[in-house]
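> curious how this folds, go ahead:
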Amino acid sequence: MRRFKCRMLMIACVLAVPASALPRVVLDGNGPATFGMVFAPGAVPAGTSLAATDKSGAAIPLQVDVKARNRDGSLRHAVLTVPRTGTVQLVGGTPAQGAPVALSALPSDFDTEVTLDFGDRKLTVSARDLLAHGKPQTWLAGPLVSEWWIAGPFRDASGKSDPHLSARFGLRSYGPGRPLRIEVDVENTWTWAANPRSYQYAAEIRAHGKTVFSQDKIVQQSHTRWRQVFWWDEPAEASARYDIADFKAAHAIPNYNADRDAGLGALDRAYTGKKRGPMQTGIIYPAMPTTGQRPDIGPLPGWTVAWLLSMDSKASEMMLNAGDLGGSFPSHYRNEKTGRPASTEEFPKISTHYNFVGRGNGNLPLADFAGLPKPFTAEASHEPSLAFVPYLVTGDRYYLEEMQFWSQWNSWGTAPEYHGFAKGLIGWDQIRGQGWSLRTLAQSAWATPDADPMKATLLRQMKANAEWYDSAYTNNPQANIFHVALRASDNADSVAPWMDDYLTWASQYAVQLGFDEFRPFARWKGVAPVQRMTNPDYCYVMATKYYMKVMDRPHHFITNWADAYVANLPKDSREGPKVACGSDDMARMFKLHQAGEMMGDSNSPGGYPAQMQPALAAAVDAGVPGANEAWSKFKSRPVQPRGGVEPKWDIVPWSAR
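Model (predicted):
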């Protein structure tokens with residue numbers, strides 16, 4: 001017989017279920033806690049909800065703000081709130097009941113004022129004034145906590161609003177006399193404001209009669225934003241420690257090899273001493289187009305993977321700070337009419353390409369750097385996933401919008417017809433840019449709340465991109481036999497297999513997130529790494545070359561793997577007997593250290609063989625013929641990375657759990 005445990009406080013009622021059925025979270029800190037949680041499909045079916053107990057089994061009031069559901073109606077992502085820290089075991093049951101915390105719970109003297117001092121003038125904005133003249137948007141609402149958002153422009157001493165600079169206030173109240181968290185976002189993000197420009201100023205934020213933040217010489221370029229979070233009175237800081245298995249069960253993250261060191265030491269050294277305040281980049285590489293191995297490049301950044309593997313507080317700090325500082329890059333375009341991140345559907349002719357910006361006729365206006373340092377450089381081809389996991393675990397609206405900003409901006413760097421106008425296509429970009437853009441788009445579509453107007457746009461963009469890839473490759477009888485993302489019309493005779501592997505992984509990751517429309521392309525794409533490892537006419541040693549020649553003349557693909565093998569040998573080795581694959585002769589031919597070594601720095605934890613691993617795991621997951629053989633061959637290769645594959649690349653097939 002099922003037993004119920006109830007308590008009268010807020011009428012929290014718990015249905016006793018096995019402790020292993022739903023996630024357990026450990027909350028460190030003091031006071032109430034608000035955190036995000038993802039759920040395995042079907043774990044919380046449609047029509048059911050959640051309650052919570054402590055480690056002794058006693059009921060804890062729990063507020064559940066549902067954000068996203070799976071296609072079957074089961075819970076996917078929610079923002080949860082409990083009145084105190086400690087161990088929280090989620091169970092099936094009824095959440096806390098009662099009237100939501102009302103806006104009247106704000107202190108009677110509540111205000112938060114932001115001042116930007118330019119030397120010759122000052123601009124200010126007041127949360128109290130905005131609340132008096134506007135209607136706030138609700139983000140959280142329940143008996144334990146409510147959160148409202150209000151936005152408006154900065155104004156000068158005469159009351160004139162600035163055309164570019166605005167502020168957004170997030171007010172999270174746990175009730176009268178309870179903690180009040182305040183977030184301030186300072187933005188220079190309007191899409192169509194005339195004469196966009198950079199600014200330099202000193203910033204000060206005052207709340208509850210004191211200065212809570214101040215900094216001189218902040219340089220803010222157009223289409224950027226920065227964020228500060230603080231408490232009205234006593235802080236109620238809390239952080240959550242999860243089990244990585246819960247993220248895997250929800251299909252949210254790749255199947256990282258959890259039985260390994262997280263690699264925190266090197267990340268900590270990279271993080272220490274970096275500038276991490278407003279309009280800085282911290283551990284993120286400030287010039288994204290810069291090549292080379294970096295901690296931010298991968299399916300997820302190295303610091304995020306380190307946190308998932310360790311739940312270490314320093315890794316959490318790195319991850320959340322990087323999520324904040326994604327706003328420092330000029331990829332943030334907000335729709336003046338809706339107040340939301342601008343979408344390609346709203347502006348189908350938008351382009352950030354230099355052939356269009358500043359050219360009039362409905363194009364984006366050219367930004368004026370005003371003699372100040374140029375912006376940090378954003379680029380899809382080296383774009384980290386900065387905000388996805390931070391949003392999942394905090395439920396903070398800032399991180400949600402970061403995903404949305406980047407997901408739209410990624411398709412705009414070309415002529416509108418190439419991004420399919422409203423479709424937001426990404427197939428025009430470098431192959432690696434396609435891979436990371438697809439990852440960001442899929443994460444945004446998966447995590448965006450169902451009630452958010454951008455949800456439908458993101459879902460349509462996922463479908464449109466899947467259709468484009470199927471037309472270009474999956475269902476195209478003229479597609480190349482190598483299954484690489486290159487078309488005969490492209491101006492290249494070679495492909496970088498490691499870039500192509502990013503797209504192979506990303507296409508199957510989209511399937512993992514539930515976007516079945518990508519399943520045909522993911523299976524087609526998975527053939528590429530499998531054939532490079534196993535085709536008898538090729539050689540696995542060459543599977544991770546920096547460049548692989550796939551055309552024998554302009555716009556004409558090589559038609560068989562045997563010819564591809566010869567075309568990818570050194571010029572002075574293309575005639576005569578075939579060199580045995582993996583032999584000493586082949587090692588000498590390619591200047592490798594020993595027989596059987598794969599090209600591309602096999603000894604390195606982040607070399608090209610290491611970067612191939614997610615693609616091979618994806619091929620196994622996609623059910624590509626020969627994928628299991630390719631995976632076994634790869635795992636048994638003679639030369640392995642020193643210390644093992646870098647954690648962010650150490651992704652294994654789901655069948656290997």
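
> my guess is S494 contacts Y547. True?
Yes. Counting by CB atoms under 8 Å, a contact exists between S494 and Y547, whose distance comes to 4.3 Å. (Glycine included, C-beta is placed from N, CA and C.)

> residue ranges of the strands in the stretch 451-600 of the chain, please?
494-495, 548-549, 551-553, 556-557 (DSSP state E, counting those that start in this stretch).

> quick one: contacts of the longest one?
It refers to strand 551-553. Defining contact as CB atoms under 8 Å, 6 or more residues apart in numbering, one finds that strand 551-553 is touched by 488, 492-494, 557-558, 563, 567.

> S583 is nearest to which of the strands of the stretch 451-600 of the chain?
strand 548-549 (20.2 Å; CB to CB).

> run through the neighbouring helices and strands of the closest one.
The contact analysis (3 or more CB pairs under 8 Å, 6 or more residues apart in numbering; DSSP states H and E) places strand 548-549 against strand 494-495, helix 561-567.

> show me what that strand is in contact with.
Judged by CB under 8 Å, 6+ apart, the contacts made with strand 548-549 from elsewhere in the structure are 482, 484, 493-497, 532, 542, 558, 564, 567-568.

> now find how far off-centre it is within its chain.
Here the centre of strand 548-549 is set off from its chain's centre by 31 Å, with CA atoms, centre = their mean, to the nearest Å.

> repeat that for stretch 343-350.
The chain centre lies 21 Å from the centre of stretch 343-350; the measure is CA atoms, centre = their mean.

> hmm, V652 is touching N257, no?
Yes. Using CB under 8 Å, V652 makes contact with N257 at a distance of 5.3 Å.

> those two: which has the busier surroundings?
Between V652 and N257, counted using other CB atoms under 10 Å, V652 has the larger neighbour count: 22 against 17.

> got a pLDDT number for that one?
With respect to pLDDT, V652 has a value of 98.

> strands along the stretch 51-200 of the chain, start to end?
Per DSSP E, counting those that start in this stretch, the stretch 51-200 of the chain has strands spanning 59-60, 63-69, 75-82, 86-94, 112-117, 122-126, 137-140, 146-155, 161-173, 180-188, 199-207. These are given in chain order.

> just checking, what packs against the first one?
The reference is to strand 59-60. Right, strand 59-60 is packed against strand 4-7, strand 12-15, strand 50-53 by 3+ CB pairs under 8 Å, 6+ apart.

> in its sheet, what does that strand sit against?
Looking at strand 59-60 with DSSP bridges, its paired strands and their directions are strand 50-53 (antiparallel).

> what of the longest one?
When sheet partners are counted by DSSP bridges, strand 161-173 sits next to strand 146-155 (antiparallel), strand 180-188 (antiparallel).

> among the ones you listed, which is nearest N30?
Across these, the minimum distance to N30, taken as CB to CB, is reached by strand 180-188, at 13.3 Å.

> give me the domain ranges for this structure.
Structural domains assigned to the chain are 4-97, 103-236, 249-457, 480-657, following automatic domain parsing.

> hmm, E147 is touching T138, no?
Yes. E147 is within contact range of T138, at 7.3 Å (criterion: CB under 8 Å).

> higher neighbour count, those two?
Taking E147 and T138 together and counting by other CB under 10 Å, E147 has the greater number of neighbours (26 against 13).

> how close does that one sit to T112?
Here E147 is placed at a distance of 14 Å from T112 (CB to CB, to the nearest Å).

> any idea how far the residue sitting furthest away from the middle of the chain lies from G98?
In the chain, counting by CA atoms, centre = their mean, G576 sits farthest out from the average C-alpha position, at 49.7 Å. When CB to CB is applied, the distance between G576 and G98 equals 83 Å.

> got it, and A51?
With the distance defined as CB to CB, A51 ends up 14 Å from G98.

> ok, M551 next?
The separation that M551 has from G98, given CB to CB, amounts to 67 Å.

> returning to that earlier point: highest mean neighbour count out of the helices and strands packed on strand 548-549?
The highest mean neighbour count among the helices and strands packed on strand 548-549 belongs to strand 494-495 (a mean of 19), with neighbours defined as mean count of other CB atoms under 10 Å.

> which neighbouring elements make contact with that strand?
Under the contact criterion of 3+ CB pairs under 8 Å, 6+ apart, strand 494-495 touches strand 548-549.

> average pLDDT for the strand it packs on?
Confidence over strand 548-549, taken as the mean pLDDT, stands at 98.

> can you list the weak-confidence ranges in the protein?
Along the chain, the model assigns pLDDT under 70 to residues 1-20, 657.

> can you get me a residue count around S214?
12.

> sec struct for it, please.
Secondary structure of S214, reduced to three states by DSSP: H, G, I helix; E, B strand; the rest coil: strand.

> what pairs with the closest residue to it other than its chain neighbours across the strands?
With CB to CB, 6 or more residues apart in numbering as the criterion, S214 has its nearest non-adjacent residue at 4.5 Å, and that residue is E204. Going by DSSP bridges, E204 is paired in beta bridges with T115, S214.

> all the helices of the stretch 401-550 of the chain, residue numbers only.
431-447, 454-469, 497-512, 519-534 (DSSP state H, counting those that start in this stretch).

> what angle separates the longest one from strand 75-82?
Okay, so that is helix 431-447. Put simply, helix 431-447 runs at 60 degrees to strand 75-82, going by axes from the mean of the first three to the mean of the last three CA atoms, to 10 degrees.

> distance between helix 431-447 and the chain's centre?
The chain centroid and the centroid of helix 431-447 are separated by 8 Å under CA atoms, centre = their mean.

> packing partners of it?
In terms of contacts (3+ CB pairs under 8 Å, 6+ apart), helix 431-447 is packed against strand 63-69, helix 388-394, helix 397-409, helix 454-469, helix 497-512.

> let me have the ones you listed in CSV, extended by distance to T440.
Compiled in CSV, the helices and strands packed on helix 431-447 are given as follows (distance: least, CB to CB, whole Å):
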stretch, distance to T440
strand 63-69, 17
helix 388-394, 8
helix 397-409, 5
helix 454-469, 10
helix 497-512, 9
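
> format these as a markdown table; extra columns: distance to V26 and mean neighbour count.
Converted to a markdown table, those look like this (distance: least, CB to CB, whole Å; neighbours: other CB atoms under 10 Å):
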| stretch | distance to V26 | mean neighbour count |
| --- | --- | --- |
| strand 63-69 | 18 | 22 |
| helix 388-394 | 13 | 25 |
| helix 397-409 | 21 | 26 |
| helix 454-469 | 31 | 21 |
| helix 497-512 | 27 | 27 |
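
> quick one, which of those is nearest to A157?
Set against A157 and scored by CB to CB, the helices and strands packed on helix 431-447 come closest in helix 397-409, at 29.6 Å.

> and the closest one, how far out from the chain middle?
Using CA atoms, centre = their mean, the mean C-alpha position of helix 397-409 is found 9 Å from that of the whole chain.

> and stretch 244-254, by the same measure?
Between the mean C-alpha location of stretch 244-254 and the chain-wide mean there is a distance of 15 Å, by CA atoms, centre = their mean.

> hang on, the earlier thing: out of the domains of the chain, which gets nearest to N465?
domain 249-457 (5.9 Å).

> quick one, helices of the stretch 251-400 of the chain?
Counting by DSSP H, counting those that start in this stretch, the stretch 251-400 of the chain forms helices over residues 264-271, 302-310, 313-325, 388-394, 397-409, given from the N-terminal end onward.

> which one is W412 nearest to, not counting chain neighbours?
T352 (4.6 Å).

> re earlier: farthest-apart pair in the contacts of strand 551-553, please.
Distances among the contacts of strand 551-553 were taken as CB to CB; the most separated pair is A492 and D563, at 17.6 Å.

> looking at the contacts of strand 551-553, spot the one nearest G596.
Of all those, the one sitting nearest G596 is A567; the distance, using CB to CB, is 22.2 Å.
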